[in-house]
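Fold the following and give me the result.
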Amino acid sequence: MLAVLLGFCSIASAALEREKALLAQGEYAQAIGQLEKVLVVVPDDAEAAALLLQARLETGQYRQALEQGEQFLKRRSSPAVAEKTAEAALRLGKYERADAVLGSYSTPTANWLRGALAERKGQTEAARAAWQRVVNSDPADLSGEELGVVAEALASLGRFQQAHQLYRQAMEMAPKNAAIRAAWGNLLLRKHNPADAEGLFREALEINPNHTGALLGMAELAASRWEGQAAERLQNALQVHPNLAEARVLLARLHLEQDEHEAAAKELDAALQVNPRMLEAWSLQAVNEYLQGDETAVENQWLPRILKENPRFGKVFADLGDFSLLKRQYVIAVGFFRRAVKTDPDLAEARADLGINLLRLGKEQEARQALEEAYSQDPSNIWTVNTLRLMDSFSRFDSLQTEHFSGKLHQSESAVLRPYVEQLLEEALESLRKRYQYTPPDKVVFEMYPDHEDFAVRTVGLPGLGALGASFGPVVVMDSPSARPRGTFHWGSTLWHELAHVITLGITDYRVPRWFTEGLSVYEENNSRAGWGDPMTLDTVQALQKGQLIPLENLDTAFIRPKHPSQVAFAYFQAGMICEYIVEKYGFEKIIALLDAYGRKRSDAEAFREVLQVRLAEFDAQFLAYARERTYGFAEAVKLEGVRDGQPEAVLRAIPEASPNHYFSRLRLAQAALEKKQWQQAIAEAEAAKHLFPLYVDEGNPYEILAQAHLELGNKEQAVAELLLWKKTKGRNPKTFSQLATWLRELGRTDEAIQTLEDLLYIDPFDPKVHELLGDWYQETSAPRKAVREFAVLLGLDPPDRAGAHYRLAEAYHAIADMANARRQVLAALEIAPGYRPAQKLLLELSGK
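Numbers count the residues shown, from 1 in each chain. Below is the predicted model:
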C-alpha cells in the first residue's frame, strides 16, 4: 500500500507540474478540472489546493475559493492555502474572516494581506507595520513570487526605487510569471511611466493571454490616455473574470466621464454585488450623485458612510475633484483636493493635483507650497516635477498689467508682443462683455509661453499636448507665436477663443457643457474679425464625406474620449457650426438663454426643450439638414482619389470630364496651365476649383493661382481682389500677406495695405521688415503714435540696422512732440553710428540749432 501511495504521489507531482503550466498560461478551466481530480484522490494535497484556489481567484470564483479554503484549513494548516483563502475573503469584503484565516501565519504574502486589510479600514500604522514585516523578510529565503510581494510592500510604503529594483530581481528569478510583470506595470502606471508599463503588460499577456491583472492594466493605460478602446479592453478582462470588481469600477468611471449615469450605476451595483464594502465603488456612487446635482446626498449620506468605514479614505474627495475638473469646475475641484489631503495626508497625487489646480487659478504661492510638499512625498511624480521646473522658469518672464488683466510674457519676446497682446486682450474682453452682459469679477490672468512644452506642462502637467491654448476660467494660458512654426499659428484668433471661455465658464458658474463652451469659442473667434478662426481642414471634409456628424447627446464624449484622433478637431468644427445654426435660426438671445439654463444645472435635453422648444433628436435632424446645405457640396467635391503627383495632363483632364465636381483635378489643371503660362486657361480652371471648394486656402490654393495669372495679364486690381478674398477666407501664408500689402500700396490703397500688415501681425509678429514698413506708412499717414509702437517693436527684434531703427523711432517721437524720448533715441543711433547724417541733423533740430 505504501508503494502505491508513493507511486501516486509521484504521479500527482507530475500532474501538478502540468497544472502549474496550465495556470501560468491562463488555461484556467482546464487547470481547475485537473486540480479537482487530484484533490478527489488526495484531498489534503496543500499544493494542489492552493493552485485550485489561485485558479478560482483568477476567474472570479471567490465564494467557492473561500468555502473550499476554509474547509481545507479545518483539516490541516497550510500557509499557501490560507493566503488564497484570505484573498478570496478580502475580495468579497469579508475582512474579519480574512483576518481570522490568516491567523498566526507570518509569510510575506500573509503580512502583505494584513497590511491591505488594515489599509481598507484606515488603520495606517497597522498597515505600515505589516508591510514593514514583509520588507524585513530575508531575500535569500524567498522565491521570485515572494520577492514580487516584497516589492509591492515597498511600493505601499512609498519606497518606489527599491520596489523597482526588487521587481527586476523577481522577474529574473521567475521569468515566466505574468503576475510579477503585471504588478510592476501597475506600479509604473501609477508613477506616470506609461511606456514601460505597457511593455510589461504586453510581456505578461504573451506569457498568459488571460491574465486579468495585465488586461486590467492595459485598460487603465487606455483610459489614462483617453483612448476609446478602454471599455473594450475591460470587457475582455470581464470575459475571463466576470467578478473583477476593479474592472466594473473603471467601466463606471468611463460612463461617468460621458454623463451616462444609469450605466455607471449598473456597473457599480455589479461591483458591490461582489464586494459590498468596496470603497472605490462607494466613492464613484458619491460622484454619480454629485454629478446629477444631489450634493446633499453626497454630504449627508455618502461621505459619512465612507468615512465611517475608513476615516482616512481621502480618495473619495480626490474622485470628486477629478470629476469637477472634467466639468471645468476648478475652484470646486481645489476645495475637494484640499479635503482629500486633509483626510489622508499621504495622498501625494491628490496633493499634486491641488498644487497644479491652484496654479491654474493663478494662486502661485499656494501652488508652490502644495507642489513642494507633494514632491517630498513622491519625487517620481513627473507632473509635480515638471510643474515645479516650470515655476522656477517664471523668473525669466516679464509682468503684464492692464486694466482687466495681469500675467506674464517671456523676456525674450515681451518687447515685441506686449503692445499687441495688451490691446487685443482689452478689445476682446470688451466685445465679449457687451455681447454676453458678463464681466469677470477679478482681473483675468493671462500667460504666453514661447516653448510649447512649457505651455503643455502649465495646462496638464506633462509635455506633448496638441492644443494651442487653454482657459481655466479666471486664467488663460497659450502658446506664443514663436512656439509654433512661423506662419502656422493665428495667435490672435486663439486668444479670442480662450477669452470667450472666460465668459461662458464664468456666466454659468462653470456648469456649461464642454461642447457648448468650445462651440461658442469657435463661433466667437470666427466672428471676431474677418479671416479669423480656423480654416476648414481636409480631415473635416473627409469626416463630412463619411457622414460622421455626432449626435448632440454624444458631442461632449467626442471631446473627452474621442473614437479616433481626428474626431476632436471635427467636434470643435461641429460645435462651432451648431452655435452658428442656433444664432441664425433662433437668434443670439437664445445663446444667452441656453447659458442661463446650464447655469441652473439643466442638462442638454432640458435646456434645449426649455429654451428652443425642441427635443435633441429633432434638433439633430434640423442641424443635419443645415450642415448638408452649408458643407456637403464641398464634401462631395473634395475627392482625394484619382489624383496623384506627376499624372499627365490628359489623365487629369479625363477626371473632371467624368466627374465635373472633382476639386483637386481642377486645381491640378490650373497649376499645370500656370506653369505653361496659359493664363486664361489657368484662370478658368482655378475659378472652377474655387467654386467647388472656396474654403481651401492652403498651399496651391486657387486664389493665389488666380492672383498670379491676373497679374501676368496686367490686371493687378483683380489679382489684389483674389488675395483679399483669400485673406477673408482665412488664408495664413505670411509671404502672401506681404505680397498683398505691397500690391495694395502700389495701387495707392495705403490704408488697406496697412490693415493687411496689421492682420499679419496676429500670425507672424516677428518679421522686422513688416514693422519697418508699418512704421514708415504710419508716419506717412499721420499716425505717429502707431509709428512709435512699430519702431519700438522693431528695436525689440534686434534688426541689423539698429542705428536706423533708433533714428526712425526718434522721428516718430519727434512727431508727437515727445522731445525727451526723441533725443534719447537719436543719441542711441549716433552712439552706434556717429557719422549717421540724418541722425545728426535731427539732433541739431532737437537742440534748437
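
The stretch 601-750 of the chain: helices as residue ranges?
604-611, 616-627, 633-637, 649-658, 663-675, 679-692, 702-712, 716-728, 734-746, 750-761 (DSSP state H, counting those that start in this stretch).

so which of these comes closest to residue 142?
Of all the helices of the stretch 601-750 of the chain, helix 604-611 sits nearest to residue 142, with 56.6 Å by Cβ to Cβ. All C-beta spots, glycine's among them, are computed from the backbone N, C-alpha and C.

in the closest one, what's buried?
Across helix 604-611, burial judged by 16 or more other Cβ atoms under 10 Å covers 604, 607-609, 611.

could those be laid out in TSV, adding distance to residue 382 and pLDDT?
Supplementary listing: the buried residues of helix 604-611 in TSV, determined by distance: Cβ to Cβ, whole Å; pLDDT from 0 to 100:
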residue	distance to residue 382	pLDDT
604	36	95
607	39	97
608	42	98
609	45	98
611	44	98
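
Switch the helices of the stretch 601-750 of the chain over to TSV; also include distance to residue 196.
Formatted as TSV, these follow (distance: least, Cβ to Cβ, whole Å):
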stretch	distance to residue 196
helix 604-611	40
helix 616-627	43
helix 633-637	43
helix 649-658	50
helix 663-675	44
helix 679-692	50
helix 702-712	48
helix 716-728	48
helix 734-746	42
helix 750-761	45
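
Tell me which of the ones you listed sits nearest to residue 122.
Within the helices of the stretch 601-750 of the chain, the stretch nearest residue 122 is helix 604-611; the backing value is 39.4 Å (Cβ to Cβ).

Would you mind pulling up the elements that that closest one packs against?
For helix 604-611, the elements it packs on are helix 588-599, helix 616-627, judged by 3 or more Cβ pairs under 8 Å, 6 or more residues apart in numbering; DSSP states H and E.

in the first one, what's buried?
It stands for helix 588-599. 591-595, 597-599.

swap in the last one?
Buried residues in helix 616-627, counted by 16+ other Cβ under 10 Å: 616, 619-620, 623, 626-627.

Lowest average confidence across the helices of the stretch 601-750 of the chain, which one?
Across the helices of the stretch 601-750 of the chain, helix 649-658 has the smallest mean pLDDT, namely a mean of 51.

now the strands: where do they sit in the stretch 251-400 of the chain?
Assigned by DSSP state E, counting those that start in this stretch, the strands in the stretch 251-400 of the chain fall at 397-401.

need the contact list for residue 789.
By Cβ atoms under 8 Å, 6 or more residues apart in numbering, residue 789 lies in contact with residue 419.

Distance from the chain centre to the one helix or strand it maps to, please.
Assigned by DSSP states H and E, residue 789 falls within helix 784-796. Per Cα atoms, centre = their mean, to the nearest Å, the displacement of helix 784-796 from the mean C-alpha position of its chain is 38 Å.

Next, the angle from it to helix 750-761.
Helix 784-796 and helix 750-761 are oriented at 40 degrees to each other (axes from the mean of the first three to the mean of the last three Cα atoms, to 10 degrees).

next structured bit after helix 784-796?
Downstream of helix 784-796, the first helix or strand assigned by DSSP H and E is helix 802-815.

how close does residue 495 get to residue 432?
Distance, residue 495 to residue 432, by Cβ to Cβ, to the nearest Å: 11 Å.

Can you give me the neighbour number for residue 441?
Counted with other Cβ atoms under 10 Å, residues neighbouring residue 441 total 7.

can you check the one 4 residues further on too?
The number of residues packed around residue 445, counting by other Cβ under 10 Å, is 22.

so what's it up against?
362, 405-407, 474-476.

quick one, phi/psi of it?
Backbone torsions of residue 445, given as degrees, to the nearest 10, read phi -90, psi 130.

Find me the pLDDT at it, would you?
94.
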